[in-house]
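In: only geometry, no sequence info:
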């Protein structure tokens, strides 16, 4: 089975089957039927791609309902530490973070459902990140949590004193002060 549970309801790691040979490799980075057969029936409508250098830290971001997004995230070049925080009110893992290294080498992907704040730090000299979204971007619904919220104690695996963080992300609130409208629904 190419899907692995993370211990946080709805948050899943996807490990595609890779077919290497003397020419290189081939794999399906996404196949609707593979996901649907595993009970994950999502229609993706937007792909995003970002290139960053070592020490860039993006996040933690989300979009509020009704524009919330489920994301399927992967690194197509280099390596990142992908981090999510469960912000679904009533979730048994509310306020818990999860991190995983996603890289061009390991080809792992993280399926992040609605109700999570998401961010990443770049661990390699450069990294290209691509992610699918099941809803279109809506600027008015943007929200976020400051990356260094002491209540989350996230280890971003980079020197935070040298991290490259946008001005916008530096102004984000803590989890305790963050406004969102996510409610956990048991599956």
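Out: Received, thanks. Model, not experiment: these values are computed from the prediction. Residues are numbered from 1 along each chain as shown.

In: Let me know how buried residue 165 is, in neighbour terms.
Out: 19 (other C-beta atoms under 10 Å). (Glycine included, C-beta is placed from N, CA and C.)

In: what sits against it?
Out: Going by C-beta atoms under 8 Å, 6 or more residues apart in numbering, residue 165 touches 56-57, 147.

In: Take the residues you listed and lay them out in a markdown table including neighbour count.
Out: Listed next are these as a markdown table, based on neighbours: other C-beta atoms under 10 Å:
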| residue | neighbour count |
| --- | --- |
| 56 | 19 |
| 57 | 23 |
| 147 | 22 |
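
In: What is the nearest of those to residue 79?
Out: residue 56 (12.3 Å; C-beta to C-beta).

In: For that closest one, which residues are in contact?
Out: 121-122, 163-165.

In: before we move on, the earlier item: and the contacts of residue 165, which of them are in strands?
Out: residue 57 (DSSP state E).

In: just to revisit the earlier point, pLDDT and secondary structure for the contacts of residue 56 - can I get that in CSV?
Out: Output for those, formatted as CSV (pLDDT from 0 to 100; DSSP: H, G, I helix; E, B strand; the rest coil):
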residue, pLDDT, secondary structure
121, 98, strand
122, 98, strand
163, 97, coil
164, 98, strand
165, 98, coil
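
In: follow-up on the earlier one: how about the contacts of residue 165 in JSON lines, adding distance to residue 128 and pLDDT?
Out: Formatted as JSON lines, the contacts of residue 165 follow (distance: C-beta to C-beta, whole Å; pLDDT from 0 to 100):
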{"residue": "56", "distance to residue 128": "12", "pLDDT": "98"}
{"residue": "57", "distance to residue 128": "16", "pLDDT": "98"}
{"residue": "147", "distance to residue 128": "21", "pLDDT": "98"}
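
In: Just give me the closest of the contacts of residue 165 to residue 130.
Out: Of all these, residue 56 has the smallest distance to residue 130: 15.5 Å, by C-beta to C-beta.

In: Three-state assignment for the residue nearest the centre of the chain, please.
Out: When C-alpha atoms, centre = their mean is applied to the chain, the residue found nearest the centroid is residue 118 (4.7 Å). Following DSSP: H, G, I helix; E, B strand; the rest coil, the label given to residue 118 is strand.

In: circling back: now distance to residue 49 too, for the contacts of residue 165, in JSON lines please.
Out: Output for the contacts of residue 165, formatted as JSON lines (distance: C-beta to C-beta, whole Å):
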{"residue": "56", "distance to residue 49": "14"}
{"residue": "57", "distance to residue 49": "18"}
{"residue": "147", "distance to residue 49": "21"}
